[in-house]
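# have a look at this fold, sequence not included:
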């Protein structure tokens with residue numbers, strides 16, 4: 001009981017999760033659909049207020065949000081969701097909502113940067129100084145951590161919107177509102193549903209749609225390796241978790257795309273480098289707790 005209490009909010013495009021943790025052990029949680037801003041944020045903050053009355057005062061709160069978001073502390077828009085395709089959420093000041101209700105340090109970042117931090121501290125990337133967390137679900141997000149700090153620059157990485165080489169003959173136009181056939185527009189849950197007309201969780205790994213998805217992901221993983229040089233690439237999210245055999249397809253496909261540039265044993269190296277979240281479905285919620293740790 002000597003460990004401080006932390007609260008975390010993982011604000012996702014489809015669902016949102018709030019948790020209370022003692023240290024990094026979650027002791028209470030709630031999951032809610034992400035609808036429009038006011039009812040979603042009100043429901044999350046009201047639950048946290050009730051939880052605080054039950055468990056005690058929070059030392060800090062962490063918020064990991066879907067994006068894009070402003071993570072520049074110097075900007076007036078810091079803590080806001082910016083130009084998101086999710087209807088109604090553009091220019092929503094998430095951080096201000098919680099600052100008005102809780103007078104404790106509050107950390108804010110993307111949901112994937114938070115998950116990457118958590119995997120680096122308590123999960124699959126613990127021994128890596130440079131590591132990546134990729135989520136494939138409603139969208140595609142990538143968090144990059146270097147020496148324990150999430151990568152920020154002009155904004156945060158938006159690797160889900162890169163363009164990739166596609167399988168010959170694949171003419172699917174993609175579903176991204178901004179770029180059409182960027183990575184997110186090709187392999188996200190909505191993209192696979194648009195390709196097939198059905199829920200991706202219904203398809204076995206033998207379904208032909210996974211050939212295109214695996215090839216597109218292999219292109220993306222190869223690009224990450226050549227640009228960021230990570231020691232671990234953790235892949236989570238509903239699409240990846242729902243089709244675990246997708247991980248079997250990736251290493252040989254990435255090795256082909258690297259074309260021997262990493263030398264002998266590339267496929268074996270990739271078997272170790274590319275993996276599922278060590279924290280399972282709690283990578284996102286514990287990512288918010290990691291942001292609370294840092295805020296404190």
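That came through fine. This one's a predicted model, so the numbers in the text were calculated from it and none came from an experiment.
# and the helices in the protein?
Along the chain, the segments classed as helices by DSSP state H run 37-55, 94-99, 111-122, 183-187, 189-196, 209-228, 238-242, 246-258, 266-273, 283-295.
# to residue 10, which of these lies closest?
Ranking the helices of the chain by their distance to residue 10 (criterion: Cβ to Cβ) puts helix 283-295 first, at 4.2 Å. C-beta here means a position set from N, CA and C on the backbone, and glycine is covered the same way.
# against residue 140, how distant is residue 282?
Using Cβ to Cβ, to the nearest Å, one gets 20 Å for the distance from residue 282 to residue 140.
# okay, those two: which has more neighbours?
residue 140 (29 against 22; other Cβ atoms under 10 Å).
# and the residue most central in space within the chain, what is it in contact with?
A centroid search over the chain (Cα atoms, centre = their mean) returns residue 112, at 3.0 Å, as the residue closest to the centre. Each residue near residue 112 by Cβ atoms under 8 Å, 6 or more residues apart in numbering is listed here: 64, 133, 134, 135, 141, 142, 143, 287.
# pLDDT score for it?
The predicted local distance difference test score for residue 112 is 96.
# tell me what residue 7 is bridged to.
Legend: beta-bridge partners of residue 7 under DSSP bridges are residue 20, residue 61.
# distance between the ends of stretch 242-250?
With Cα to Cα, to the nearest Å applied, stretch 242-250 spans 15 Å between its terminal residues.
# now swap in stretch 97-117 and tell me
Counting by Cα to Cα, the length from the leading to the trailing residue of stretch 97-117 is 24 Å.
# buried set for that stretch?
97-98, 102, 104, 106-117 (16 or more other Cβ atoms under 10 Å).
# if I look at residue 76, how far off is residue 199?
Residue 76 sits 41 Å away from residue 199, taking Cβ to Cβ as the criterion.
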